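Q: okay, here's the prediction I keep looking at, along with the sequence it came from:
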Amino acid sequence: MALRCMCLQATWNYERQQGLGFAWALQPALERLVADRAARLERLAAHTAYFNTQPTLASLAVGATAALEARRAAGEADDASLARVKAALGSSLAALGDRLFWFTLRPVAALGGLLLAVDGRWEGALVLVACYNGLHLGVRVLGVGWGWRRGPAVLDEAFRRRVERLVRGLAVLGCAAVGVLVAMLLVPVAGMRPVVFQAALAAGLGVGFVTAQRARPSPTEWALGVGTLCVLATWFR
Amino acid sequence: MSGVEIALTLLVAGLAALDATPVGQTLVSQPLVTAAALGAVWGDMGTALAVGAVLQVLAASTLPVGARTPEDYASGGVVGAALALALAAREPFPMARDAAALLGCLGGMVAATLGVPIVKWQRRRNEGLARWAEAALRAGDAGALASAHRAAVVLAFAAGVTYAAVSLAVLLPATAPLVGGASLKLSRAWALAQPLWIGLGLAQLLHAFVQRRLTRAAVFAAALLVGWLTRIVGMP
């Protein structure tokens, strides 16, 4: 099931989002829990309905839903309550997971890699992958078992607090990493950078702070505009 | 540019397309990682990392906010680094290398932006696959979910390889004469654009981390000062 969670987003679509992937990840559990083939296929078809959450923390939802399916098979839960709990898990895990993995850990891992890459060291790529996957793969692999053991209670207040603490700690680490990276860019191993480089870096930081106030245009669109201006400025100089 | 280099570049493009969304999301599809892999394949790590670092800063500052589909930096990273490496391999001068890096970064950003409709097309194709799988399950086909996943993974890999191949086939002949004829102007533009791009991306990241908290801004300032002093003291 943990391996199948890796492909949760393979069939991502606008209609059901991760629904099909969720059903596929849950299939081994249903094969053990629901003996009747027709009933099992009916349950699988029901699980292909809309579901969406942050993909790493989805492992917890898959495990917790399997636990609920076990209770349902024992007659302790019905379809409606199972669907309600699954939807609630999806949205709550998405709120926590997006902040932890997409908005914090991913940029921090990227900065870890860049700290080496700006000195021309390819090991930066390894650092990026290792920084992210220590937590990402750990949660993906162990999350199903964790969700199965704790059921819907996996998303309790203690878990939320731990995630919030981790997000805050990583954000502080990110601030420090940006500071060190700017220092490394200003003073590379070979010696001081030219004044033009320092001025352009400061200008880039200034433009970045101004443009960060609005979601659109995106950083890439700004970068394309800035790059085009640089080419035009040097071309017609 | 040999057949092996082209084949390995397209293989990296396919694997990056898989990692970006359908399989794993382990970040091996990030521009810095794919650029390092392509640098090893092409034997020019300097150019690859120069392009990879710029595209990585921009990729890290690009967040999937709301319903917006972010730029496809899995494809953009591969196309940008491969374009720069192919251009630099033709003209073995430092100035031409800078020109190639500039064109690689611009090509990578354009490819990342134009890759969004392809990602959306795949997602729409998957809607049909999901409906088919549900109907097949209800009709008694227990293997429908596995078949649907196989089909989606193959589609994503093929789309990644094809998009990278088409992008490079269009961009390489279009930009090669520029490196040959205007490398001086382009290398000057690189000297200006590289720090601007990195600064722009880092400011976006810092803004997201600080979130108007004074303590975090102070941590940034302290790290900048300590890092700067350490580098100055350790300077040759």
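A: Looks like it came in fine.
Q: hey, let's count contacts and neighbours off CA atoms from now on
A: Noted.
Q: tell me the helix or strand right after the lengthiest helix in chain A.
A: When chain A is scanned for its longest helix (criterion: DSSP state H), the result is helix A:157-186. Scanning forward in sequence from helix A:157-186 by DSSP states H and E, the next helix or strand is helix A:195-211.
Q: and that following helix, is it in reach of chain B?
A: Yes. Interface with chain B: helix A:195-211 contributes A:196-198, A:200-209, A:211 (CA under 8 Å from any CA of the partner chain).
Q: just the buried members of those residues?
A: A:197-198, A:200-209, A:211 (16 or more other CA atoms under 10 Å in any protein chain shown).
Q: for those residues, which one is nearest residue B:234?
A: Proximity of those to residue B:234 (CA to CA) peaks at residue A:198, which lies at 19.1 Å.
Q: wait, doesn't the closest one sit right on residue A:188?
A: No. Under the criterion of CA atoms under 8 Å, residue A:198 is not in contact with residue A:188, lying 11.5 Å apart.
Q: check contacts around the spatially most central residue of chain B.
A: Most central in chain B under CA atoms, centre = their mean is residue B:77, positioned 1.9 Å from the mean C-alpha point. Listed by CA atoms under 8 Å, 6 or more residues apart in numbering or on different chains, the contact set of residue B:77 reads B:30-32, B:34-35, B:52, B:55-56, B:108, B:112.
Q: include neighbour count when you put those residues into a markdown table, please.
A: Formatted as a markdown table, the contacts of residue B:77 follow (neighbours: other CA atoms under 10 Å in any protein chain shown):
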| residue | neighbour count |
| --- | --- |
| B:30 | 29 |
| B:31 | 35 |
| B:32 | 35 |
| B:34 | 29 |
| B:35 | 32 |
| B:52 | 34 |
| B:55 | 32 |
| B:56 | 26 |
| B:108 | 31 |
| B:112 | 24 |
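Q: out of the residues you listed, who's near chain A?
A: Within the contacts of residue B:77, those near chain A by CA under 8 Å from any CA are B:32, B:56.
Q: any chance you could list what contacts stretch A:12-26?
A: With CA under 8 Å, 6+ apart, stretch A:12-26 has contacts from A:1-2, A:4-5, A:7-11, A:44-45, A:47-53, A:62, A:66, B:22, B:123-127, B:130, B:145-146, B:149.
Q: could you dump the buried ones among the residues of helix A:195-211 next to chain B to CSV with distance to residue B:45 and pLDDT?
A: Below are those laid out as CSV (distance: CA to CA, whole Å; pLDDT from 0 to 100):
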residue, distance to residue B:45, pLDDT
A:197, 22, 90
A:198, 24, 90
A:200, 25, 94
A:201, 23, 94
A:202, 27, 94
A:203, 28, 95
A:204, 25, 95
A:205, 27, 95
A:206, 30, 95
A:207, 30, 93
A:208, 28, 94
A:209, 31, 93
A:211, 32, 91
